[in-house]
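Enquirer: whatever this is, show me its structure:
(one chain, ligands or ions: 1)
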Amino acid sequence: MADLTTKIGKLTLKNPVLAASGTFGYGLEYSHYLDLNELGGIVVKGLSLHPRNGNPPPRIMETTGGMLNSIGLQNIGVEAFITEKLPDLRRYDVAVIANIFGNTIEEYAQVARRLSAVEGIAGIEVNISCPNIKAGGIMFGRDPGQAEMLTARVRKATLLPLLVKLTPDAPDISEVARRVQDAGADAISLVNTFVGMAIDVETATPFLSTITGGLSGPAIKPLALRLVWEVARKVTIPVVGMGGIASARDALEFIIAGAHAVQVGTANFINPSICIDIINGIRDYLHAKDIQNLNHVVGSLRIKGNEAASD
Ligand SMILES: Cc1cc2nc3c(=O)[nH]c(=O)nc-3n(C[C@H](O)[C@H](O)[C@H](O)COP(=O)(O)O)c2cc1C
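Expert: Residues are numbered from 1 along each chain as shown. Model (predicted):
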């Protein structure tokens, strides 16, 4: 059997397939559909210092090949996660990665510090697709300087493996990735959702209460894949790729493009045990190609002649 293990900093995952934040609850909700022990990891719903209600409905809608959401980072807060969810979650032999966010750099650091003080967290993923309230609402992830400052501060707050999750909305995502790496991140996750919108033509009103929302699912896969490929060539730390993955072949595309691991998001809503199918499909692919180790596939993209042109 091929070796599917992959390393994210000092964290070794048993396979490269993780459930993406916000699409897998706090993990336990899916325990009736699949054996959580078989996953490479679970990235839990984004956690903040205090509980949040999120945005009013409608805040979710299906689109061609994907979905729009404006959940608004609803969550139970870091304390309730630690007391109500983590005790059950840590009974599983699976890497639990806590996705965190905040309104200010200090809030991020406080959540990271709190999570570092408890048993059962394998790593922290920092969602930087949020506005910095203290810097005029500029999104941390759009600005390389803000992203660097935030990463450096969270780095000081925790010794846990640190993944920083980038927004595809950044004008220069490679520069954000480089600065985040320099500030001490162990890995880079990408991508978060793309900003989109939909209009009800009968009423000429937006479908979502917030007008715009985040687009995810197969519709974004080629866009996400291009960003993962681009960033993976620019950094030396591992990249965790995601965006529209719904099959083993999708996952392998990201791995060949340079991702050391992948996350599966929206596809969980269609098939809650899809992650297991993807893990098995990756194993079958390695077997069929007689490849002993997943790492031989990472970044194995072969480009003939000049680099790919856009047409
Ligand atoms: C309903 C929903 C909620 C999400 N919540 C979060 C979140 O709390 N934190 C985060 O970093 N990403 C969140 N995401 C983004 C996903 O983790 C993922 O980056 C994105 O959906 C792209 O992957 P996919 O196309 O496989 O879904 C959410 C996505 C969806 C669809």
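Enquirer: tally of neighbours for the closest residue to the ligand within the stretch 1-150 of the chain?
Expert: Ranking the residues of the stretch 1-150 of the chain by distance to the ligand (CB to the nearest ligand atom) places residue 22 first, at 1.9 Å. (C-beta placed from N, C-alpha, C; glycine too.) By other CB atoms under 10 Å, the residues close to residue 22 number 23.
Enquirer: also residue 172?
Expert: 12.
Enquirer: again, but for residue 35
Expert: Residue neighbour count, defined by other CB under 10 Å, stands at 12 for residue 35.
Enquirer: that one - nearest residue in space that isn't next to it in sequence?
Expert: Spatially, and ignoring its direct neighbours in sequence, residue 35 is nearest to residue 276 (7.5 Å; CB to CB, 6 or more residues apart in numbering).
Enquirer: before we move on, what about residue 44?
Expert: Nearest one to residue 44, counting by CB to CB, 6+ apart, is residue 26 at 5.0 Å.
Enquirer: am I right that the residue nearest to residue 35 is in a helix?
Expert: Yes: under DSSP: H, G, I helix; E, B strand; the rest coil, residue 276 sits within a helix.
Enquirer: what about it, how many neighbours?
Expert: Residue 276: 16 neighbours (other CB under 10 Å).
Enquirer: if we can go back for a sec, can you tell me, leaving aside adjacent residues, what's nearest to the residue of the stretch 1-150 of the chain closest to the ligand?
Expert: Leaving out its chain neighbours, the residue that sits closest to residue 22 by CB to CB, 6+ apart is residue 45, at 5.4 Å.
Enquirer: one more: residue 191?
Expert: residue 168 (4.2 Å).
Enquirer: quick one, phi psi at the one you found?
Expert: Here the main-chain torsion angles of residue 168 (degrees, to the nearest 10) amount to phi -70, psi -10.
Enquirer: surely it and residue 227 touch.
Expert: Yes: Residue 168 is within contact range of residue 227, at 5.7 Å (criterion: CB atoms under 8 Å).
Enquirer: surely residue 232 meets residue 299?
Expert: Yes: using CB under 8 Å, residue 232 is in contact with residue 299, at 6.3 Å.
Enquirer: in which helix or strand does residue 224 reside?
Expert: Using DSSP states H and E, the element containing residue 224 is helix 221-234.
Enquirer: near the ligand, which residues of this structure?
Expert: Applying CB under 6 Å from any ligand atom, one finds that the chain approaches the ligand through 20-23, 45-46, 69, 71, 73, 99, 127, 165, 192-193, 216-217, 220, 242-245, 264-267.
Enquirer: neighbours of the residue nearest to residue 191, how many?
Expert: Quick note: residue 168 (other CB under 10 Å) scores 21 neighbours.
Enquirer: now for it: which residues touch it?
Expert: Residues in contact with residue 168 (CB atoms under 8 Å, 6 or more residues apart in numbering) are 190-194, 220, 223-224, 227, 243.
Enquirer: now rank those residues by neighbours and give me the top one.
Expert: Neighbour counts for those (other CB under 10 Å) peak at residue 243, which has 32 neighbours.
Enquirer: apart from its neighbours in sequence, what residue is nearest that residue?
Expert: Closest to residue 243 by CB to CB, 6+ apart is residue 224, at 2.4 Å.
Enquirer: now residue 217
Expert: The spatially closest residue to residue 217, leaving aside those adjacent along the chain, is residue 66, at 2.9 Å (CB to CB, 6+ apart).
Enquirer: what's the answer for residue 147, then?
Expert: Distances taken as CB to CB, 6+ apart put residue 176 closest to residue 147, at 4.9 Å, once the chain neighbours are dropped.
Enquirer: right, and residue 39 touches residue 278 too?
Expert: No: taking contacts as CB under 8 Å, residue 39 lies outside contact range of residue 278: 10.0 Å.
Enquirer: and for the two, which residues touch both?
Expert: Among the neighbours of residue 39, those also in contact with residue 278 (CB under 8 Å, 6+ apart) are residue 17.
Enquirer: buried sites along the helix or strand harbouring residue 151?
Expert: Using DSSP H and E, residue 151 maps to helix 144-157. With burial defined by 16 or more other CB atoms under 10 Å, the residues of helix 144-157 counted as buried are 144, 146-155, 157.
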